[in-house]
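Trainee: curious how this folds, go ahead:
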Amino acid sequence: MTLREAWMESPVGALRLLSDGEALVGVTMEDRAGEPRLDPPGGRGDPLLERVRCELAEWFAGERTTFSLPLRPRGTPFQLEVWRALCEIPFGETRTYGEIAARLGRPSASRAVGAANGRNPIGIVVPCHRVIGADGTLTGYAGGMERKRWLLAHERAVRRGPGTER
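Mentor: Predicted coordinates:
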């Protein structure tokens with residue numbers, strides 16, 4: 001299978017977008033801020049990747065709270081189950097690893113949920129940033145804790161409405 005790649009700048013840095021031509025398979029955050037990126041030939045003009053860019057831009061602008069993109073993450077059956085559960089967390093809300101484990105009928109699997117959460121290949125769109133520790137604190141995030149704080153603050157501000165501070 002040939003993957004198509006595109007890049008976009010966002011308030012949390014450069015995002016690498018990957019599709020298989022039919023569905024989104026990856027959104028990752030890159031740490032090399034300010035470095036210009038040119039889309040490889042396979043990403044230019046790709047209708048799906050353009051749609052991904054558009055929906056993410058609307059999300060960052062506070063104009064969208066859900067995504068309507070076809071997704072095809074690759075993972076184990078358990079990881080796929082966790083990632084589906086992440087998509088059910090409402091915009092601007094959080095859940096704990098334990099709450100997700102209980103929802104999946106595996107109340108003692110909070111560590112396994114955490115491991116699956118950390119392997120999410122489609123950041124932001126599959127909102128792994130909405131998962132927090134049992135005590136309400138922010139816990140690890142593959143994109144970095146500053147980005148997780150920003151994403152959660154962004155969602156809270158959008159939910160409160162125009163004119164609220166992040």
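Trainee: so which helix or strand takes in the residue positioned nearest the centre of the chain?
Mentor: Most central in the chain under CA atoms, centre = their mean is Ile124, positioned 1.8 Å from the mean C-alpha point. According to DSSP states H and E, Ile124 maps onto no helix or strand at all.
Trainee: residues touching the strand or helix carrying Gly98, excluding its own?
Mentor: Using DSSP H and E, Gly98 falls within helix 97-103. By CB atoms under 8 Å, 6 or more residues apart in numbering, the surrounding residues in contact with helix 97-103 are 82, 85-86, 95, 107-114, 117, 131, 133-134, 139. (Each C-beta comes from the backbone N, C-alpha and C, glycine too.)
Trainee: can you give me the end-to-end span of stretch 92-108?
Mentor: 26 Å (CA to CA, to the nearest Å).
Trainee: I figured Leu56 hits Ser10, correct?
Mentor: Yes - counting by CB atoms under 8 Å, Leu56 does reach Ser10; the two are 6.7 Å apart.
Trainee: the strands in this structure, which residues?
Mentor: Taking DSSP state E as the criterion, the chain carries its strands at 4-8, 15-19, 24-29, 95-96, 131-132.
Trainee: what helices or strands is the second one leaning on?
Mentor: Helices and strands touching strand 15-19, by 3 or more CB pairs under 8 Å, 6 or more residues apart in numbering; DSSP states H and E, are strand 4-8, strand 24-29, helix 47-60.
Trainee: pretty sure Asn120 contacts Leu86?
Mentor: Yes - assessed by CB under 8 Å, Asn120 is found in contact with Leu86 at 6.9 Å.
Trainee: overlap in contacts of these two?
Mentor: With CB under 8 Å, 6+ apart as the test, Asn120 and Leu86 both reach Val126, Cys128.
Trainee: show me which of those two is the more surrounded one.
Mentor: Asn120 (24 against 21; other CB atoms under 10 Å).
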